[in-house]
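S.K.: model this:
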Amino acid sequence: MFLIVVLGTTSTLGQPIISPSCFSNSHDITSLQAWGPYSKRYAGISHIPDMQAGIRFDFSVMPGYYRNRQLVPHVLFESSYYPWDINPSMNRITYRYEMEWKDRVFTDVTYYILDEQRILVGMNCVNNTAVNQNLVLNLMAYIDYEGEQPQFKIPEDANIQWHNATDYISNEPIYKSPQYNLVYDGWKRNEMRTSQSLSGFVLGKGFGKNKGDKVSYEINILPEKEKGMIGFRYNTPKGKTSTFQVKGITESRLELQGTGEYSIASIPYTCKEPGKYTLELISEGTYSTNLDGFFIGSEEDIKQIKMLPRKLSFIPEIKSGKTKQDFILKYPECDNYYGIAWNYQESQIREVLDDNLESFFRKKTHDHVSSRLIGNREWHYSNAFLRPIVLTPHSEQTIYALVCTGTPQQVNEQIQKFHSTPETLTSLIQKDSNNSEDRILANGKKYEFGHRLLQSALLSNIVYPVHTQGQYIRHFTPGKNWNSLYTWDSGFIALGLIDVDITKAFECIRAYTTPVGSESAFIHHGTPLPIQMYAYYDLWNNTQSKEALQFLYPRLKQFFDFMTGKNPYSTTRMKGSGLLRTWDYFYNSGGWDDYPPQHALRDKASVTPVVSSAYYIRAAKILRLAAKELGLKKDVKEYEQTIKQLSNALQTYSWDEETGYFGYVMHDKDGKPKGIYRYKDGSNFNKGLDGVSPLIANISSKEQTSRMINHVFSPNEMWTEVGISTVDQSAPYYRTDGYWNGAVWFPHQWMVWKALLDLGEGEKAYQLATTALNTWEKECKESYYTFEHFIISSQRGAGWHQFSGLSSPILNWFAAYYRIGKVSTGFEVWISNSHFNDDYTQYQAEIAFDDSTVPHQRTILVCMNPEKDYQITFNGKVVESRIYHQGLLEITLPSTNKSGKLTVASI
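M.R.: Residues are numbered from 1 along each chain as shown. Model (predicted):
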């Protein structure tokens, strides 16, 4: 037997629907709620009162033993808490806190998001030992700010207009660096963070250094403001002067004399009537400055400008209730009020004044009397101290708390309801807890634990605030340790989200794209591989959403054009060979930090890896299929030219017949290829995943393909008991103690899996995926961690302990082989009009193929109702299939590039 539960919103054809509200230029994950696991400090629940303020309210439950071991669940290092169970809609978030390993004494804390105002917190304390246990629960509430919040502000009643320097309409430096059209992290040109700014950001980093550097603004002159002054707020080093020609609304020369502090320099303007005007600053190249922005007002108003100190106080006004089982908080820089209430009588309200709970609070565990625990006073925590919680042997107790926000009246009302009628809230969560999990085949049950942990890690690895494109956003990260955007990691996060929540997957792809013509071709941080394009392909095959295809296509084409050297400011293409190298944008070609040839190179400018060209060939093939679907014939031809050029270049310059690997290619000073980069003993330095990456592009001959597959699956070379080694184990530069060298990682292994499906190698694809799932499940059950990679010599996980980015393929493999209603392909099967019937005993799809290669067999995986047997036809003719376990169909499509209809029907 199995359960059929539709997950998320679906169309009449059964495909999941992407929420229409998500088709915007925002880089935020807008489908998330104001409440979520966004903290960068302690695990719990966060509330964002104002997306653009960079302020976050955090609430965390910290269990422990009474007057003994106190857990402080810091998100930046191992601290005995685990993302345990988070549902796809993220309105039920559970963390497990292990007091005594393994599951002998623990607390499961679940945050139930009831609505925009209320969170119900269930704290289930469990004693699985044969003796009594005395536990404690510390409820911590606090406010957190982005690190460089402005320290100054303008008086609210000031009769002046303010324009941030970063809000320009154009910023054109004379010298165009390789980053001219790809500013790191999606920031603006010359953007620099500083708390001395009125907005937190200025134009710096050499702004105005070169003669001719030009920045332009659009300003709106209001009625009765046709004449006045423009006051520029800036900081030029002491003794230096930065000068500009000013054009547009006024013609003048601006001198920004340096004092070493922020100052204001003014120039007059006059215009005939109110309206929109331009203001243009052209540098004379005397010296650079940090420009904060400019004021517009009367001469008197500008002269009287005063900067008020903006002191960020972490200390709230605290008002406790009559029962002493609740309190209300009001923070100075936040309009919202926050209320905390709990239903455990033996409790005390305290304040903790220190910025390092993991040290200070644990030291104070024996101070169970004081109402104020005073440390360095650098932070403030409002603390509900629930103690002792006595558990008899083999017993458990659930305690509830309410966290709410709103006006004082709203917060008071919610607290009173919690105390007077708690059953109205608990009844809501009981209904939610009755939801079944997903549609899982019986053979997949053995992998459910590891799958659940990874899904929970993925959905908990979100942080706020992250700054990009002039806005603060919520952002999925590979792990809380990385408080920033990561381009290729987030491509895999999007792929994982496809099998969790399709709207979040779309938004995760969208977050890294920019509208056509933007000054950054895409949002770039780290290894610039085109994984967003691979996720785009799978998004289509899982949704057939024409809206998503159309919306993302021009943005991804802009990304692709830059990385393949078609943008005039891109430096990726080597002129002599046409091969790609991305060293000007990041040191790491394939995400593999210590990959031997990359790690050994000192002068990378003249050497091309294989992975960049190979992966962008596949990206070209994907975008070509999308262009065909969208009827963009000109684009189709452009992609065909790129595919042909890069394929020929790899075959001509990179293939090493001796070893059967493709190699790094060295070039002379004129950019002409001069041979393969070799190790000191003369052997190919690229025996490893980079050397077989053309498999993903499917551009090799049958003989080359066979040799590369043999490398991958040879136990003496790349195959291990835990998966594919990053580096050939027989190579003289293979190590057992490296980060990637000597380890198994899943991202490129996922690429190889997709390639094997494209090549009709279904059995090897199954071997690869099953090995990964077994490896993952074993480690998760042993450690409760979701690691980055696996060390080959020990076969154990390692790296960041709550990782989800590059480990996300586990979610895809699990779905591909065990989730009923899932269809999985390589990169060369384009699905349209896909449809299952209600009980998953029939499936039909219109299928097209990537005809950039000659016709060949391809494999497609379809998970059906396991209680039936099936016949599979393509265009009416029966095709081959294999069953590894009941419900999974591994279908071998015929050797053709002609589109047709695939039918799976029960018999």
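S.K.: can you pull out the helices in the stretch 501-650 of the chain?
M.R.: With DSSP state H, counting those that start in this stretch applied, the stretch 501-650 of the chain shows helices at 502-510, 531-543, 546-563, 596-600, 611-630, 633-649, listed in chain order.
S.K.: domains for the chain, by residue range?
M.R.: As given by automatic domain parsing, the domain ranges for the chain are 34-144+315-436, 152-309, 571-733, 823-906.
S.K.: tell me which helix or strand of the chain sits lowest on mean pLDDT?
M.R.: helix 423-433 (a mean of 74; mean pLDDT, DSSP states H and E).
S.K.: In three-state terms, label residue 293 for me.
M.R.: Local secondary structure at residue 293 is given as strand here, using DSSP: H, G, I helix; E, B strand; the rest coil.
S.K.: circling back: ok, and which of the helices of the stretch 501-650 of the chain has the densest surroundings?
M.R.: With neighbours defined by mean count of other C-beta atoms under 10 Å, none of the helices of the stretch 501-650 of the chain is more surrounded on average than helix 502-510, at a mean of 26. From N, CA and C alone the C-beta is placed, and that goes for glycine too.
S.K.: Just the residues contacting it, thanks.
M.R.: Counting by C-beta atoms under 8 Å, 6 or more residues apart in numbering, helix 502-510 makes contact with 8, 16-19, 22, 26-32, 476, 490-491, 493-495, 497-498, 532, 535-536, 539, 542-543, 545, 548, 551-552, 555, all of which sit outside it.
S.K.: Let me see the mean pLDDT of that helix.
M.R.: Averaged across helix 502-510, the pLDDT comes to 98.
S.K.: again, but for stretch 483-498
M.R.: Per-region confidence: stretch 483-498 scores 96 on mean pLDDT.
S.K.: re the thing from before, can you tell me which of the domains of the chain is nearest to residue 781?
M.R.: With C-beta to C-beta as the measure, domain 34-144+315-436 is the member of these nearest residue 781 (10.0 Å).
S.K.: Need the nearest residue in space to residue 615, chain neighbours excluded.
M.R.: residue 529 (5.4 Å; C-beta to C-beta, 6 or more residues apart in numbering).
S.K.: what pLDDT does the one you found get?
M.R.: Here the pLDDT value assigned to residue 529 is 98.
S.K.: just the one 4 residues further on next, same as before
M.R.: Turning to residue 533, the model gives it a pLDDT of 98.
S.K.: how far away is it from residue 825?
M.R.: Residue 533 sits 15 Å away from residue 825, taking C-beta to C-beta, to the nearest Å as the criterion.
S.K.: which stretches of the stretch 751-900 of the chain aren't confidently modelled?
M.R.: Residues of the stretch 751-900 of the chain meeting the criterion pLDDT under 70: none.
S.K.: for it, what spans make up the helices?
M.R.: Using DSSP H, counting those that start in this stretch, helices in the stretch 751-900 of the chain cover 762-783, 809-818.
S.K.: most tightly surrounded among the ones you listed?
M.R.: Using mean count of other C-beta under 10 Å, the stretch among the helices of the stretch 751-900 of the chain with the largest mean neighbour count is helix 809-818, at a mean of 25.
S.K.: which helices and strands does that one pack with?
M.R.: Taking 3 or more C-beta pairs under 8 Å, 6 or more residues apart in numbering; DSSP states H and E as the contact definition, the neighbouring helices and strands of helix 809-818 are helix 448-460, helix 487-498, helix 747-758, helix 762-783, strand 823-824, strand 858-863.
S.K.: Tell me which residues of the first one come out buried.
M.R.: This points to helix 448-460. Residues 450, 451, 452, 453, 454, 455, 456, 457, 458, 459, 460 are the ones in helix 448-460 that count as buried (16 or more other C-beta atoms under 10 Å).
S.K.: just the last one next, same as before
M.R.: Burial within strand 858-863, assessed by neighbour count using 16+ other C-beta under 10 Å, is assigned to 858, 859, 860, 861, 862, 863.
S.K.: where does the chain dip in pLDDT?
M.R.: Scanning the chain residue by residue, the ranges that satisfy pLDDT under 70 are 1-15, 430-438.
S.K.: related to what we said a few turns ago, deepest of the domains of the chain, which one?
M.R.: Highest mean neighbour count among the domains of the chain (mean count of other C-beta under 10 Å): domain 571-733, a mean of 20.
S.K.: can you give me the end-to-end distance of that domain?
M.R.: Between the start and the finish of domain 571-733 there is a gap of 30 Å, counting by C-alpha to C-alpha, to the nearest Å.
S.K.: try stretch 350-367
M.R.: First-to-last residue span, stretch 350-367, C-alpha to C-alpha: 11 Å.
S.K.: where does it sit relative to the chain's centre, distance-wise?
M.R.: 32 Å (C-alpha atoms, centre = their mean, to the nearest Å).
S.K.: following the helix or strand where residue 401 lies, which helix or strand comes up?
M.R.: Assigned by DSSP states H and E, residue 401 belongs to strand 395-406. The first helix or strand that comes after strand 395-406 along the chain, using DSSP H and E, is helix 408-420.
S.K.: Who are the packing partners of that following helix?
M.R.: Against helix 408-420 (3+ C-beta pairs under 8 Å, 6+ apart) you get strand 326-330, strand 337-342, strand 395-406, helix 423-433.
S.K.: got the helices and strands packed on helix 809-818 as TSV, with distance to residue 148 columns?
M.R.: Compiled in TSV, those are given as follows (distance: least, C-beta to C-beta, whole Å):
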stretch	distance to residue 148
helix 448-460	26
helix 487-498	23
helix 747-758	33
helix 762-783	37
strand 823-824	44
strand 858-863	48
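S.K.: Backbone dihedrals for the residue nearest in space to the middle of the chain, please?
M.R.: Nearest to the mean C-alpha position of the chain, counting by C-alpha atoms, centre = their mean, stands residue 476 at 3.2 Å. The phi and psi values for residue 476, taken as degrees, to the nearest 10, are phi -70, psi 130.
S.K.: ok, now which ones touch the nearest residue to it once chain neighbours are set aside?
M.R.: Distances taken as C-beta to C-beta, 6+ apart place residue 493 nearest to residue 476, at 4.8 Å, with adjacent residues excluded. If you count contacts by C-beta under 8 Å, 6+ apart, residue 493 has them with 458, 476, 478, 508, 804, 805, 808.
S.K.: quick one: which of the residues you listed is nearest to residue 715?
M.R.: Distances from the contacts of residue 493 to residue 715 were compared by C-beta to C-beta; the smallest belongs to residue 808, at 26.9 Å.
S.K.: what's around the nearest residue to the closest one once chain neighbours are set aside, how many residues?
M.R.: In space, and not counting its chain neighbours, residue 808 is closest to residue 496: 3.0 Å by C-beta to C-beta, 6+ apart. Counted with other C-beta atoms under 10 Å, the neighbours of residue 496 add up to 29.
S.K.: who touches residue 496 in this structure?
M.R.: Residues near residue 496 by C-beta under 8 Å, 6+ apart: 454, 458, 804, 808, 809, 810, 811, 812.
S.K.: And residue 560, by the same measure?
M.R.: For residue 560, the contacting residues are 530, 533, 616, 619, 620, 623, taking C-beta under 8 Å, 6+ apart as the criterion.
S.K.: same thing but at 6 Å, please
M.R.: When contacts are counted by C-beta atoms under 6 Å, 6 or more residues apart in numbering, residue 560 touches 619, 623.
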